[in-house]
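Chemist: test case, fold it:
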Amino acid sequence: MADLFGAPETAMVGATGPRPLADRLRPKTLAEVIGQQHVLGPDAPLGTMLANNALSSLIFWGPPGVGKTTIARLLAHETDLHFVQISAIFTGVPDLRKVFEAAKHRRANGQGTLLFVDEIHRFNKAQQDGFLPHMEDGTILLVGATTENPSFELNAAVLSRAQVLVLERLSKDDLGQLVARAEAELGRTLPLTDAARAALLEMADGDGRALLNLVEQVGSWRVEAPLDTDALTKRLMRRAAQYDKSGDGHYNLISALHKSVRGSDPDAALYWFARMIEAGEDPRFLGRRLTRMAVEDIGLADPQAQSVCLQGWETYERLGSPEGELALAQAVVYLALAPKSNAVYVAYKAARNAARKTGSTPPPKHILNAPTSLMEDQGYGAGYAYDHDAEDGFSGQNYFPDGMDRTRFYDPVERGFERDLAKRVAYFDKLRTKRGG
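Modeler: The predicted structure is shown next:
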């Protein structure tokens, strides 16, 4: 064995060559799995299924490196099912037929099959439908793994026959346990200061497999003294944050940004904005979404908010990255601190609903133009009161269809500029009542 900070004298070598650390540390029982106790604990879904010998088809939904494959393999071992693993990326319909046929033979001989399908969301609708008869007759017990939201990516028929279990990113405590287990396997302590050790956990970003790969690299270094954080970050690249610009992570982060703005928290809003920028999001998309927030959540409480967003968006187009991103960041802070109102948003939805219900009901004739004598004979424009000629520039006439009750759609809030608009609404209501409108 090497000294504390030297390279190990020998590497673990299998029958075909060296074995990666992640493979050597693969748990042999479910009890050895680090993390996911909300799924594996005695009172958790999988713990309850195993205790009652009633394992059902499952969909594991979670980020990479949290144990989806390992848990599936151990489930097969602990239930005496034959384990078959395929990837939706490399498996076609002919391959699936062979898998199902082999499973039928095993079933005829008294053994069940746990079919683990990695990246199951990559299968199209027809391929997913192909699992259904084999799930229903017991030929296979399906365990699918996906990093994407099953609600969007999997058929309703598959979801109705499987229980979705959400696997979570490993916590810092989980990752710390994993490092300790790795050091025991290596027979040495990593040559890191406490701060650098904490930085190593941050680099893994909740991914156990990524952490073990980092640990294996650090464990091979020959150094004279423990490395500090700066030395570590010079030698190692941080794992890229999980982010798919068309996937679930994308929508989760934009939702977090939107709700932080709506909740008037500029610091949280800036954090989620920065997370998306760091992950490679297109700033133009953020400019568009910020403008939507201005019209949906701030509205007429601060009419300037929309202009701030459009100006920030235009500034980015002129400056590009990274300078132009600061203009968008300013818009984020402005929106978060602006007075909030969704009164127009609510009014618009209510007006759309009323429009659907009333169908093609025509406007009242007195507000229709009469460019021809025939239309004039039909009463178009008759009795129209020109508001500029009325007292206070307000006639109080009815502009809704005949037979439709007057409806209040817009109800301004007592915040920001809408305070003034509320006074105007009340003023015209008063005049309308006075003039019998």
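Chemist: mind listing what's buried along the host helix or strand of Val39?
Modeler: Val39 belongs to helix 37-40 when elements are defined using DSSP states H and E. Residues of helix 37-40 classed as buried: Val39, Leu40 (neighbour count, 16 or more other CB atoms under 10 Å). No exception for glycine: its C-beta is placed from N, CA and C like everyone else's.
Chemist: what ranges in the stretch 301-437 of the chain fall below the confidence cut-off?
Modeler: Along the stretch 301-437 of the chain, segments meeting pLDDT under 70 span 437.
Chemist: mind running it again at 80?
Modeler: 436-437 (pLDDT under 80).
Chemist: from Ser360, how far out is Pro303?
Modeler: Look at Pro303 and Ser360: by CB to CB, to the nearest Å, they are 33 Å apart.
Chemist: among those two, which residue is more densely surrounded?
Modeler: With neighbours defined as other CB atoms under 10 Å, Pro303 and Ser360 compare such that Pro303 has more, 14 against 5.
Chemist: over to Glu216: give its phi and psi.
Modeler: The phi/psi pair for Glu216 (degrees, to the nearest 10) reads phi -60, psi -40.
Chemist: and it, what does it touch?
Modeler: Applying CB atoms under 8 Å, 6 or more residues apart in numbering to Glu216 gives the contacts Pro20, Leu21, Ala22, Ala182.
Chemist: Phe400 too?
Modeler: Pro364, Arg406, Thr407.
Chemist: narrow those to those that are buried.
Modeler: Pro364.
Chemist: among the contacts of Phe400, which are located in strands?
Modeler: In strands, judged by DSSP state E, none of these are found.
Chemist: once you drop chain neighbours, what's closest to Met276?
Modeler: Nearest residue to Met276 in three dimensions, chain neighbours excluded: Leu253, at 5.2 Å (CB to CB, 6 or more residues apart in numbering).
Chemist: shouldn't that neighbour be within a helix?
Modeler: Yes. Under DSSP: H, G, I helix; E, B strand; the rest coil, Leu253 sits within a helix.
Chemist: just the pLDDT for it.
Modeler: On the pLDDT scale, Leu253 is placed at 89.
Chemist: tally of neighbours for it?
Modeler: 18.
Chemist: wait, isn't it in contact with Phe273?
Modeler: No. Between Leu253 and Phe273 there is no contact, the gap being 9.1 Å when judged by CB atoms under 8 Å.
Chemist: now do the contacts for the residue nearest to Met276.
Modeler: For Leu253, the contact set (CB under 8 Å, 6+ apart) comprises Tyr243, Trp272, Arg275, Met276, Ala279, Glu281.
Chemist: now for those residues, which pair is the farthest apart?
Modeler: Tyr243 and Trp272 (12.0 Å; CB to CB).
Chemist: would you mind measuring from Pro191 to Glu185?
Modeler: Applying CB to CB, the value for Pro191 to Glu185 is 16 Å.
Chemist: mind checking which of these two has more residues around it?
Modeler: Between Pro191 and Glu185, Pro191 has the larger neighbour count (other CB under 10 Å), namely 21 against 15.
Chemist: can you give me the strands for the stretch 151-300 of the chain?
Modeler: If DSSP state E, counting those that start in this stretch is used as the criterion, the strands of the stretch 151-300 of the chain fall at 163-166.
Chemist: rewinding a little: and which of the contacts of Phe400 is nearest Leu214?
Modeler: Among the contacts of Phe400, and counting by CB to CB, the member closest to Leu214 is Thr407, at 62.5 Å.
Chemist: am I right that the closest one is in contact with Ala354?
Modeler: Yes. With contact taken as CB under 8 Å, Thr407 and Ala354 are classed as touching, separated by 6.2 Å.
Chemist: for Pro266, give me its contacts.
Modeler: Val332, Val333, Ala336, Leu337.
Chemist: so the last one sits against Ser264, correct?
Modeler: Yes. The pair formed by Leu337 and Ser264 meets the contact definition of CB under 8 Å, at 6.6 Å.
Chemist: the residue nearest to Met276 and Leu175, how far apart?
Modeler: Distance, Leu253 to Leu175, by CB to CB: 22 Å.
Chemist: and if you look at Arg161?
Modeler: Here Arg161 is placed at a distance of 34 Å from Leu175 (CB to CB).
Chemist: go on, Ala343?
Modeler: For Ala343, the distance to Leu175 - CB to CB - is 47 Å.
Chemist: between the two, who's got more neighbours?
Modeler: Counted by other CB under 10 Å, Ala343 and Leu175 do not tie: Leu175 has more neighbours, with 27 against 20.
Chemist: contact partners for the nearest residue to the more buried one once chain neighbours are set aside?
Modeler: Leaving aside its chain neighbours, Leu175 sits nearest to Leu201 (4.6 Å; criterion: CB to CB, 6+ apart). By CB under 8 Å, 6+ apart, the contact list for Leu201 reads Lys172, Leu175, Gly176, Val179, Leu211.
Chemist: repeat that with 10 Å
Modeler: By CB atoms under 10 Å, 6 or more residues apart in numbering, the residues touching Leu201 are Leu170, Ser171, Lys172, Asp173, Asp174, Leu175, Gly176, Leu178, Val179, Leu211, Leu214.
Chemist: what's the neighbour count on the fifth one?
Modeler: Read it as Asp174. Counted with other CB under 10 Å, Asp174 comes out at 21.
Chemist: thanks a lot, see you next time.
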